[in-house]
Each structure stands twice: as structure tokens, then as C-alpha cells.
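Provided below are the primary sequence and the corresponding predicted coordinates.
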Amino acid sequence: MSDLVIDGVSVTHGSTLAIHDVSVRIDSGDLVAVLGPSGCGKTTLLLAIAGLLPIGAGSIRIGERELSRPGRTVPAEKRGIGWVPQEASLFPHLSVADNIGFAVPRGRGGAMGRATRIAELAELVGLGDLTGRAPNQLSGGQAQRVALARALAPRPELLLLDEPFAALDTQLRVGLRREVAELLRAQGTTSLLVTHDQEEALTLADKVAVLRDGRLEQFGTPEQIYQHPASDWVASFVGDVVELDGLWRGGRVTCALGAVEATAVGFAPADGDRVRLMLRPEWIVPRPELLAHAAAGADARVAAISYAGHDAMLSCDVVGGPTVRMRMAAVELPHVGDEVRLAVQRPGLAFPATPLPAQI
Ligand SMILES: Nc1ncnc2c1ncn2[C@@H]1O[C@H](COP(=O)(O)OP(=O)(O)OP(=O)(O)O)[C@@H](O)[C@H]1O
């Protein structure tokens, strides 16, 4: 197995530059989520990798094998790449077994060999008992499993999944995506999963590629993307953020929550500079033991609690300051109206202050 190398790739649709100078190396066997808002170029990137769109600049390789460069596109059917679309799009007149069998390469082993491979694939995706069913007798999740088995049938070197869970209801989606991720890992199949669901990307993937307007904003592990976003845009696109204005001084930002330790991201502020501090809501904690400790944290009153079972989001009015949201495990929650002292339990992220709006 070899790495997938996307090197300086640009793709245009007519006059629209949909992918711009994207470079990324995907390790063999990894499951990578391609995450970004609608229209950022996720599907375009997948189509280019699949060989269904030519590229205008750069190259796409699997190991030493070049698949695309300007003026040369190895045809999709010669790439050894599997595709799982958003909707299963099965042949309606064929059974589950025949839908899978359609993608099993004809080769040695004869009819018996093919039947064994079909049964093995049906079993792999948990449909061993349903091989005789017609597509219209399947649920949405079962149909997607057939599409997955079909894509895995030729033993692809790389599997591309274009929002394969988007059409399923929440409960089914969460269960199926976990199962599919485990299956792909067990098979050692290198996979690219397009999604605009940040939770899906963070929970399933080994690495996440965040796209914005056709450019790669960041590529890293889910933890790197969430804890160390490369830009304020990634910070607020992937996860909740609390934003506070403050002044930078010696590695701390003085703001409504006190002097909070922070890392400056992508710039080097000077002491006294105005900056924007970004925190994740769960980095803020209520510290009752600090109530009498005026030097640390900030006094606040709980204004609202949004209970989500496992955790809760609290809106707290900082005395003489803004309302900040904090997330905590839903065990022994404070009550609305309680006084709390808020502290920040890990370094925040400092970004340049947003320019003031032009004076009219
Ligand atoms: N066939 C096409 N002709 C012209 N422009 C296109 C075509 N397909 C896509 N685009 C444009 O290219 C850009 C990227 O589209 P793409 O479908 O790759 O985005 P996406 O991130 O997959 O979006 P979504 O999440 O909504 O599916 C968009 O600006 C889109 O309007």
C-alpha cells in the first residue's frame, strides 16, 4: 500500500476555481475526513482524485504511480479507487447479492469463487441474511451498506466516501459511521470521507483536512484541529468558541476573565496590543474555592443552563462584563442565579483583534 500524494492541485469548473493549490499527503491505511462548508470544493477534490475531473495544476499520485497532471488523467476505472456516493444508487432490478456481484471482478475462481466473495462482502457489511432482497426492501442504512460492499469488492487501494451518511437519520448515522470506520480500519483501506459534519470528522478520522473556498486551511489530527486550530476561521468552524477582547502582555491576555495565559496563533503581538482571545467553552470552569480570591478568575452569575444529558452549556454573566458560555459535565450543576467564580483551565488562543469598523 502507498500514500496518496496531492501536490499543488488546482481544479476549475469553467471559470470557477474550485480547488486552489492544495497539497496534502495521506498515509496509507488512514481514514481522512475532508471537512468544510457547502461549496468549499470537497466533492470537486474527490472527483479529481477519482479521475472524474481533470486537474489544471499540480499532480495526484498514489506512491510512485501518477494518476493526474495537467493534460493527463488516468481513467477512473484504471485507478483502483472505490467510490461510495451520498445515495446508494443501487440497481433496482438486482438483488443485494447481484448488486454486490456487479462489482466483483471476473477472474479466476469461477462462479463458486464469485459467490464466496459476494457472501464474504455481504457478511462484512452486516447483510449476510439479506442477500436475496431487492433494493426497495432495504432501509436507507442497509442500502448504504450494499454501496459500501460494492465499493470494496475490487479491493480498492483507496476508498472515497462522499457524505455517505448524510441522508440517514441521526441515530442510524451515528451507529453506521462508527461501524464503517471500524470496518475500514480493520481492512487497512486508505479512505477519504467528505463531510460537513464536524462531529463526524472529529470522532471518525485519523486526520482531518479542513477546506475553505477551495484552499486547505489545515491538515492534522482531530485533536490538533480542535485544540490548536491554525486560524480563527478553523477555530470557529470546528467547534464552539467563546471570544473575548483583551490586551496582550507577556504571554497573557487581560480580559473579562482575568489575565488568561494564551498562545498567539499566526502572529507575534507586542505587549499592550489589542487581541482577540478564543476559548473553547469547556476550557472555562467554575471554581467556587476561588470565590474569595480576587486575584484569579472572574465573578459571574449563572444566567441560563442548556442541559444536554451528558453535559450542559451554562451562560454566565460576568460581573461588569460580557456573558460567557461554558460547558461542563452534567454532574452537580450549579443553578440559575448561583454566583460562580470562573477560571480558564488551559492556555487560550490569541488572534489579531478584528479591525474596528470604518467610521462613517
Ligand atoms: N459542474 C460545475 N460547474 C460549475 N461550477 C461548479 C460545478 N460543480 C461545482 N461547482 C462550483 O465549485 C465549487 C465547489 O463545489 P463542490 O461541489 O466541490 O463543493 P462541496 O464542498 O462539495 O459542496 P457541498 O458540501 O454543498 O456538496 C462551488 O463554488 C460550486 O458552485
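Cool, got the structure.

What segments of the stretch 51-200 of the chain are strands?
Secondary structure of the stretch 51-200 of the chain (DSSP state E, counting those that start in this stretch): strands at 57-62, 65-69, 72-73, 81-84, 158-162, 190-195.

Please identify the most buried of those.
Greatest average neighbour count among the strands of the stretch 51-200 of the chain goes to strand 190-195 (a mean of 25), per mean count of other Cβ atoms under 10 Å. Any C-beta I mention is one placed from the backbone N, CA and C, and that applies to glycine too.

Could you give the average pLDDT over that one?
For strand 190-195, the mean pLDDT works out to 94.

Nearest residue to the most centrally placed residue in the chain in space, ignoring adjacent ones along the chain?
The residue lying closest to the centre of the chain (Cα atoms, centre = their mean) is Ala201, at 2.6 Å. Spatial nearest neighbour of Ala201, excluding adjacent residues (Cβ to Cβ, 6 or more residues apart in numbering): Ala33 at 3.6 Å.

is it true that Gly188 touches Gly29?
Yes - counting by Cβ atoms under 8 Å, Gly188 does reach Gly29; the two are 4.9 Å apart.

Neighbour count for the two, which is higher?
Higher neighbour count among Gly188 and Gly29: Gly29, with 15 against 10, using other Cβ atoms under 10 Å.

that older thread, nearest to the ligand, out of the strands of the stretch 51-200 of the chain?
strand 190-195 (6.5 Å; Cβ to the nearest ligand atom).

Give the other helices and strands that that closest one contacts.
strand 31-35, helix 42-50, strand 158-162, helix 198-204 (3 or more Cβ pairs under 8 Å, 6 or more residues apart in numbering; DSSP states H and E).

Quick check: which of those is buried the most?
Mean neighbours per residue, mean count of other Cβ under 10 Å, is largest over the helices and strands packed on strand 190-195 for strand 31-35, with a mean of 26.

Please work out which residues outside that one touch it.
By Cβ atoms under 8 Å, 6 or more residues apart in numbering, the surrounding residues in contact with strand 31-35 are 26, 42, 45-46, 181, 184-185, 190-196, 198, 200-202, 204-211, 238.

Restricting to these, which residues neighbour the ligand?
42, 196 (Cβ under 6 Å from any ligand atom).

what's the domain layout of the protein?
4-236, 241-352 (automatic domain parsing).

measure the longest one end to end?
Meaning domain 4-236. Length of domain 4-236, first residue to last, Cα to Cα, to the nearest Å: 29 Å.

Distance from it to the middle of the chain?
Computed by Cα atoms, centre = their mean, to the nearest Å, the separation of domain 4-236 from the middle of its chain amounts to 13 Å.

what do you get for stretch 328-347?
Here the centre of stretch 328-347 is set off from its chain's centre by 29 Å, with Cα atoms, centre = their mean.

tell me which residues of it are tucked away?
For stretch 328-347, the neighbour count (16 or more other Cβ atoms under 10 Å) marks 328, 333-334, 340-344, 347 as buried.

So what pairs up with Arg252 in the strands?
Beta-bridge pairing of Arg252 under DSSP bridges involves Arg249, Glu261.

Settle this for me: it is touching Glu261, isn't it.
Yes - proximity of Arg252 to Glu261 meets the contact threshold set by Cβ under 8 Å, at 5.5 Å.

And these two? Which one has more around it.
Taking other Cβ under 10 Å, Arg252 and Glu261 do not tie; Arg252 has more neighbours (18 against 13).

Where does the stretch 251-360 of the chain get nearest to the ligand, residue-wise?
Here the residue of the stretch 251-360 of the chain nearest the ligand is Gly266; by Cβ to the nearest ligand atom that distance is 24.2 Å.
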